[in-house]
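*Asks:* I would like to see how this sequence folds:
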Amino acid sequence: MGLDQFLYLEKYESTMKWDDNFVEKSKDFYPAELKEIVDWMGNHDFLSKTTQYKVGYWRKVNAIHRWFVEKFADGVDECQDIYVDKDDLKELISICRKIIAKPALADELLPTQPGFFFGSTEYDEWYFKDLEYTVEMLEPVVKFLEEEKKRDPHSYWSVVYNASW
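*Replies:* Numbers count the residues shown, from 1 in each chain. Next comes the predicted model:
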């Protein structure tokens, strides 16, 4: 038990191109187990799917959890998916870097949050290691999103934060 936090990238794909032309449907666009459903859907609507990839994980890093919940979920913490974007991740990286450079800013910029099995609320060595870890984890995600947008301006990737305890 405890606060487990996840960051996912979700990719939306469709059999419809942006110019409204259907893409040739690949026989494996959907899994074979869904063939009967896909055959029906393909006759009534275009096919689409969202694939989710786990790209980040924190364990009991309650300050990061609090930041996502307060900033993007109006303080409502119901283990729901919280959608953010590349710029939000860049902001979190910036906050972490400021605190790493000047630890006295921790309580102001990224305060801890008490909770049942949420981990320590101390601004100790582990708090700062978690911030360093966060920067290391998020930088490649931001880089990927930036490069992917340049590579294909029509690709659609979502960033999703989720936590459970």
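
*Asks:* So which elements touch the helix or strand hosting residue 129?
*Replies:* Using DSSP states H and E, residue 129 falls within helix 125-151. Helices and strands touching helix 125-151, by 3 or more Cβ pairs under 8 Å, 6 or more residues apart in numbering; DSSP states H and E, are strand 4-14, strand 48-59, helix 62-72, helix 86-101, strand 156-164. All C-beta spots, glycine's among them, are computed from the backbone N, C-alpha and C.

*Asks:* Need the winner for burial among the ones you listed.
*Replies:* Comparing the helices and strands packed on helix 125-151 by mean neighbour count (mean count of other Cβ atoms under 10 Å), helix 62-72 ranks first with a mean of 20.

*Asks:* what angle do that helix and helix 86-101 make?
*Replies:* Using axes from the mean of the first three to the mean of the last three Cα atoms, to 10 degrees, the direction of helix 62-72 lies 140 degrees away from that of helix 86-101.

*Asks:* let's number from 357 now, not from 1
*Replies:* Got it, the first residue is 357 from now on, which makes the last one we talked about helix 418-428.

*Asks:* wait, what's in contact with residue 361?
*Replies:* 412, 413, 414, 415, 417, 420, 421, 517, 518, 519 (Cβ atoms under 8 Å, 6 or more residues apart in numbering).

*Asks:* Quick check: bridge partners of the third one?
*Replies:* Translated: residue 414. For residue 414, the beta-bridge partners are residue 361 (DSSP bridges).

*Asks:* thought it was touching residue 494?
*Replies:* No. The criterion here is Cβ atoms under 8 Å, and residue 414 misses it with residue 494 at 10.7 Å.

*Asks:* To residue 388, which of the helices and strands packed on helix 481-507 lies closest?
*Replies:* strand 404-415 (14.1 Å; Cβ to Cβ).

*Asks:* Mind checking the pLDDT average for the closest one?
*Replies:* Average pLDDT, strand 404-415: 95.

*Asks:* try stretch 438-448
*Replies:* For stretch 438-448, the per-residue pLDDT averages 98.

*Asks:* any idea how far residue 501 is from residue 484?
*Replies:* 26 Å (Cβ to Cβ, to the nearest Å).

*Asks:* These two: who's more crowded?
*Replies:* residue 501 (20 against 15; other Cβ atoms under 10 Å).

*Asks:* doesn't residue 444 make contact with that one?
*Replies:* No. With contact defined as Cβ under 8 Å, residue 501 does not count as touching residue 444 (10.9 Å).

*Asks:* Done for today, thanks.
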